[in-house]
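**Q** Dropping a prediction and its sequence here:
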Amino acid sequence: MKYGGKSVVKNNSAQTVIKKIISGLLKKNITPNLIIGGILLFGFVFIGIFAPHVTPHDADEMHYEHLKETPSTTFLLGTDRYGRDILSRVIVGTRTTLLMALTSTLLALFLGVIVGTTSSFYGGVVDIVLMRINDIFMSFPTLIFAMLVIGVLGPSMTNGIIAIGIIYAPRVTRVVRAQALNIVHLEYIDAAKVRGEFSLYIIFREMLPNLWPTIIVEGSIRLGYAILLTASLGYIGLGPPPPTPDWGLMAYSERGYMFETPWPVFAPCIAIVIAVIGVNLFGEGLKDILLAKGSRTKEAKV
Amino acid sequence: METNPAGAEMGKFGRCFMDDFMRFIIKRLGITAVLLVIISMIIFWICQLMPGDAVDMMLGGIALQSLGETTVEDLRKELGLNLPVYQQYFKWASGVIHGDLGTSYIMKAPIAPLVISRLKTSLLLAVPASLMMIVCGLALGIISAVKEKTWIDNSISFVSLSMLSVPAFLTGSLFIYIFSVKLNWIPPAFNAINMEGIGFFQMMGSYFGILIFPSLTLGFESIAYVNRQTRASMIEELKTNYVRTAVLKGVPPRSVVMRHALRNGLLPAITVIAFNVGQIIAGTVIIEAVFSYPGIGALMVDAIKFRDVPLILATMLIISASYVFANLFADILYTQLNPRIKYA
């Protein structure tokens, strides 16, 4: 290789992160967190993808002769006030919630990475201005700002995704920028600058590869929060509109019938808890592999 | 109090210290004021992006057609909606400074008294929740740090970790199910309680028994955060040399923890506490939906659902402002408690 910088690019591309995960797995760096979390998370993703095929009943079908029933062999988790099967609705709700949470997390990561890397790369006035703007957006409570955005755009799935993505972007920015500041002064970046590479090239091909572990771990943390925020928005009625089987919305709309049967409220809540625990455990496991003390020092030396 | 060796020199440096401190406070207040102005601008601007304006909201589509264009234009002019956005903002902002938050379209009433009374009912939940967060969070954190890696620590950590994965409305629904449906201790919907015309403390006194449940729900997540932070920083502190010296010197263990380690261990916890006071205020939105509690969070949800712009602006501003002030207070407290921080 002619330039020192190039070899770094080769060794630290996105594939290397995957390789690192796999080699981490092979080296028995597997923590129980990762296994349990992985099973839960990918279980939910699997259920979400195949939702219409794995439900015992149609999620929107109303069984008028079975209103507000407690769990039975026909309806494993009982029925709600319209006689809809709760298990089916929870399963289909997986799709709504995961889609919203995953997409909004990706949006937040996308925005956060762009602003964070730009800010740390240019430094100086750019950094100060971007970080002040960032601080201002972070001085809103997350739920409140999400409500404001949805208030303007109107409650729907897409708007929920936009709202959550925007509100988490500054938080991602902060983490990415902090990590990027460790890299931006390294020699290979200087080398790239000296040989006259474009800024965009340096940011995306030289800096970004070394930021992947941080971004992935931050993404897993954000995903957990995003699921909770999605559910909370659904609960206050600012998520997807009513006929959609959304976990938060289900818990809210059935809360008045708890005297008859608590299942319609608690079933989606339990699904949320399991999903969040799964994501959090998985995130912890990824952190152990990607940001383990040894590998972090190795990165710093690159 | 141990005698402070620097204390003797305080007389000489006292004035200088006060000057520094005042300058710091003034600077922080200035930053906060600027931040609040920017926040209000952002909120105002975002609300301007809403489809339809005040006249559409007030009259509705059908009335709009029957009234004819001229009347509608007159009404727009009267409300100042024909002005450019920045002039509308100044009009609104000067109103806010003078305590006039505008008139709600849906309630057809001035907003300021409404918001203040709703804020009071929300504080009935938020104040006990914050106190609980501070007391329980710190106590549990200290206990788990002292008993590190025993079953006590493990179970506290497990519980607080699971608290962080549980949405507030699950805890709330669980409370309602147990204490309302099964035990009949609390009403299933709190808006049945008459809160008009009763003072804050009187209200707190007469309804403490039932308000404790929504408060606890509100504080749950924050207790977990404070607990985790306190545990982490106390474990660090308990490993330091000065703590070991104190132990070897024969200082009673209780005193080592409470008087030596806690002083330093408290610092990181304070930031987390202040942050969570803000979170508690914002969290009222969810809790009030769960318990059907008539607070400011519920008001804001209604305002957004009915697209009542002045009401959205007012509630948004109040909740964001309390969040900002909580962080300002933490900043000041932090520098007060940590003399190592220079007033920068």
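**A** On my side now, so go ahead.
**Q** Work out the gap between the helix or strand harbouring A:T230 and the centre of the chain.
**A** Assessed by DSSP states H and E, A:T230 sits inside helix A:208-235. Distance, stretch centre to chain centre, for helix A:208-235: 3 Å (Cα atoms, centre = their mean, to the nearest Å).
**Q** any idea of the mean pLDDT in it?
**A** Averaging pLDDT along helix A:208-235 gives 88.
**Q** does that helix come close to chain B?
**A** Yes - shown here: helix A:208-235 in contact with chain B (Cβ under 8 Å from any Cβ of the partner chain) through A:224, A:228, A:231-232, A:235. For every residue, glycine as well, the C-beta is placed using N, CA and C.
**Q** The next helix or strand after that helix vs chain B: in contact?
**A** Later in the chain than helix A:208-235, the nearest helix or strand by DSSP H and E is helix A:247-253. Yes - counting by Cβ under 8 Å from any Cβ, contacts between helix A:247-253 and chain B involve A:248, A:251-252.
**Q** wait, which of those residues is closest to chain B?
**A** Checking the residues of helix A:247-253 next to chain B against chain B by Cβ to the nearest Cβ gives A:A251 as the nearest, at 6.0 Å.
**Q** and chain A, which residues reach chain B?
**A** So chain A meets chain B at A:136, A:139-144, A:147-152, A:224, A:228, A:231-232, A:235-238, A:248, A:251-252, A:255, A:258-259, A:262, A:265-266, A:269-270, A:272-273, A:276-277, A:280 (Cβ under 8 Å from any Cβ).
**Q** Are any of the residues you listed buried, and if so which?
**A** The neighbour count (16 or more other Cβ atoms under 10 Å in any protein chain shown) marks A:136, A:139-144, A:147-152, A:224, A:228, A:231-232, A:235-238, A:248, A:251-252, A:255, A:258, A:262, A:265-266, A:269-270, A:272-273, A:276-277, A:280 as buried among the residues of chain A next to chain B.
**Q** and B:L140, what pLDDT?
**A** Taking B:L140 on its own, its pLDDT is 91.
**Q** any idea which element it lies in?
**A** Secondary structure from DSSP H and E places B:L140 in helix B:111-146.
**Q** where are the low-confidence patches of chain B?
**A** Residue ranges of chain B with pLDDT under 70: B:1-18, B:51-72, B:75-76, B:78-82, B:191-200, B:203, B:339-344.
**Q** Could you chop it up by domain?
**A** B:5-104, B:109-337 (the TED database).
**Q** Could you identify which of those domains is most buried?
**A** domain B:109-337 (a mean of 19; mean count of other Cβ atoms under 10 Å in any protein chain shown).
**Q** what residue is smack in the middle of chain A?
**A** For chain A, A:L223 is the residue whose C-alpha lies nearest the centre (Cα atoms, centre = their mean; 2.2 Å).
**Q** re earlier: just the ones of the residues of chain A next to chain B in helices?
**A** A:136, A:142-144, A:147-152, A:224, A:228, A:231-232, A:235, A:248, A:251-252, A:265-266, A:269-270, A:272-273, A:276-277, A:280 (DSSP state H).
**Q** what are the ranges of the strands in the stretch 51-200 of chain A?
**A** Counting by DSSP state E, counting those that start in this stretch, the stretch 51-200 of chain A forms no strands at all.
**Q** Find the closest residue to chain B in it.
**A** A:P141 (3.3 Å).
**Q** from what I can see that residue touches B:Q279, true?
**A** Yes - using Cβ atoms under 8 Å, A:P141 and B:Q279 qualify as a contacting pair, with a distance of 6.5 Å.
**Q** about what we covered before: got the contact list for the nearest residue to the residue of the stretch 51-200 of chain A closest to chain B once chain neighbours are set aside?
**A** Nearest residue to A:P141 in three dimensions, chain neighbours excluded: B:A282, at 3.3 Å (Cβ to Cβ, 6 or more residues apart in numbering or on different chains). Residues near B:A282 by Cβ atoms under 8 Å, 6 or more residues apart in numbering or on different chains: A:141-144, B:297, B:319, B:323.
**Q** Please confirm that B:M107 is located within a strand.
**A** No - assigned with DSSP: H, G, I helix; E, B strand; the rest coil, B:M107 falls outside any strand and is coil.
**Q** Skip the chain neighbours and tell me the closest residue to it.
**A** B:L114 (6.5 Å).
**Q** from memory that neighbour sits against B:M300, does it?
**A** No - taking contacts as Cβ under 8 Å, B:L114 lies outside contact range of B:M300: 11.8 Å.
**Q** anything in contact with each of these two?
**A** Contact with both B:L114 and B:M300 is made by no residue, according to Cβ under 8 Å, 6+ apart.
**Q** Could you check how far B:S292 is from B:A189?
**A** 4 Å (Cβ to Cβ, to the nearest Å).
**Q** Now that we're looking at A:V276, what pLDDT does it have?
**A** 90.
**Q** quick one, phi/psi of the residue lying closest to it once chain neighbours are set aside?
**A** Setting aside the residues directly before and after it, A:V276 is nearest to B:S165 in space (Cβ to Cβ, 6+ apart), at 4.2 Å. Backbone torsions for B:S165, taken as degrees, to the nearest 10, come to phi -90, psi 0.
**Q** Report the contact partners of B:S165.
**A** With Cβ under 8 Å, 6+ apart, B:S165 has these contacts: A:224, A:273, A:276-277, A:280.
**Q** Just the closest of those residues to B:F21, please.
**A** A:G224 (40.5 Å; Cβ to Cβ).
**Q** That closest one contacts A:N280, correct?
**A** Yes - with contact defined as Cβ under 8 Å, A:G224 and A:N280 form a contacting pair (4.9 Å).
**Q** pLDDT weak spots in the stretch 1-150 of chain A?
**A** A:1-14, A:24-29, A:59, A:66-68, A:75-76.
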